[in-house]
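Peer 1: Here is a sequence with its predicted model. Questions after.
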Amino acid sequence: MSTNITLIGQNLEELSQQIQQAHPQITIFHAKNAQELADEGLQSQILVATPADGQQVVERMPNLKWVQSLYAGVDPLLKPQMRRDYQLTNIRDVLGQAMSEYVVGYILAWQRHLFQYEKQQSQQQWQQLSYRPLTEYRLLCLGSGSLAQAVAKTASQLGMRVDAVSRSAKPAEGFQSVVSWDDASELIQKADVIANLLPSTEQTYEKVNAQLLSLFSSEALFINSGRGTTVDEKALLSFLDDNPNARAVLDVMHQEPLSQEHPLWRHSQVSITPHIAAPSRIEDVQPVILDNVNRYLNSQPLRYLVDFARGY
């Protein structure tokens, strides 16, 4: 049987052309979304799609051998009822620049009191606030993967001390120390900024809960640009209510889009962005996909395989 590839998504024309030029023997099917996919596209061995589109078609693809996600997160494809008899790969290593810009950008805005100065401007209030250089601040990353390492590198270059908490506690580039969750209490208590970059797994579900939040500094900045399901939002709201000098920056939520009635929208200590911290731009992810297509067709190991059991 000849190898067929199905591409689902917007702006994949150049990717399709490059695959076809490199491998003219392949048949490529392309649809803008899962609903528009023709029946013949369901016969492919390879699927390149967002996890949401992939979720809608993988159960109807009898010849499926490999799914390449267009995103880093693959949560829809990891649900317990979904099939797992294929190789799943995601996007890594090309999103670190955007993620570090987002996290460090908000750290700088918070450290230089830009949120307060914006409020003062609306009140026509001229008042200078105290200054501490970043060299006196500590950043703790929850998770020590490639995105956390990118954040650590940028923050370290600005003089911050950066530590991490991870399941394995293995040393990783950019961190002064990496500890296990059992040994994390002291680092959490000392952290000025806590950046959550955990993946979404059964083990990380609402990992940032009331117990963990009780260890946070009363003036901590909490940034969640990992996965929404890793945070107990009710517990976070209670923490913020009890600590008026604390602040939260949230790019991901339990439910997206966030409902208009959700109290997070109206909380004065919360900044919300619509899941844009590290967008998957096709010009960034295309080289990763092309490399993996070449690897698959040459019977070489694929890069960035996802472990279904671990969830990342």
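Peer 2: Right, received. Where do you want to start? Numbers count the residues shown, from 1 in each chain.
Peer 1: Under the pLDDT cut-off, which ranges of the chain? List them.
Peer 2: 1 (pLDDT under 70).
Peer 1: That one: strands as residue ranges?
Peer 2: 4-8, 27-31, 46-49, 66-69, 87-89, 138-142, 161-165, 177-179, 193-196, 221-224, 247-250, 270-272 (DSSP state E).
Peer 1: Switch those strands over to CSV; also include distance to residue 106.
Peer 2: C-betas here are computed from N, CA, C, even on glycine. Output for the strands of the chain, formatted as CSV (distance: least, CB to CB, whole Å):
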stretch, distance to residue 106
strand 4-8, 33
strand 27-31, 37
strand 46-49, 31
strand 66-69, 26
strand 87-89, 30
strand 138-142, 11
strand 161-165, 15
strand 177-179, 23
strand 193-196, 9
strand 221-224, 6
strand 247-250, 5
strand 270-272, 7
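Peer 1: of these, which approaches residue 40 most closely?
Peer 2: Comparing the strands of the chain against residue 40 with CB to CB, the closest turns out to be strand 27-31 (6.3 Å).
Peer 1: Give me the helices and strands touching that closest one, please.
Peer 2: strand 4-8, helix 13-22 (3 or more CB pairs under 8 Å, 6 or more residues apart in numbering; DSSP states H and E).
Peer 1: any idea how far the last one is from the chain center?
Peer 2: Right, helix 13-22. Centre-to-centre, helix 13-22 and its host chain are 27 Å apart (CA atoms, centre = their mean, to the nearest Å).
Peer 1: For residue 131, list the residues it contacts.
Peer 2: Residue 131 sits next to residue 112 when contact means CB atoms under 8 Å, 6 or more residues apart in numbering.
Peer 1: Relative to residue 102, how far out is it?
Peer 2: According to CB to CB, to the nearest Å, residue 131 and residue 102 sit 23 Å apart.
Peer 1: Kindly report the same for residue 90.
Peer 2: Taken as CB to CB, the span from residue 90 to residue 102 is 19 Å.
Peer 1: again with residue 45
Peer 2: Counting by CB to CB - residue 45 and residue 102 are separated by 36 Å.
Peer 1: Likewise for residue 174?
Peer 2: Residue 174 is 16 Å from residue 102, by CB to CB.
Peer 1: Helices of the stretch 151-300 of the chain, start to end?
Peer 2: 185-190, 210-213, 233-242, 282-297 (DSSP state H, counting those that start in this stretch).
Peer 1: Just give the nearest non-adjacent residue to residue 132, would you?
Peer 2: residue 111 (7.2 Å; CB to CB, 6 or more residues apart in numbering).
Peer 1: how about the one you found, what does it touch?
Peer 2: Per CB under 8 Å, 6+ apart, neighbours of residue 111: 132, 134, 137.
Peer 1: Which one of those is nearest to residue 11?
Peer 2: Looking across the contacts of residue 111 and measuring by CB to CB, the closest to residue 11 is residue 134, at 37.4 Å.
Peer 1: Pull the number of nearby residues for that closest one.
Peer 2: 19 (other CB atoms under 10 Å).
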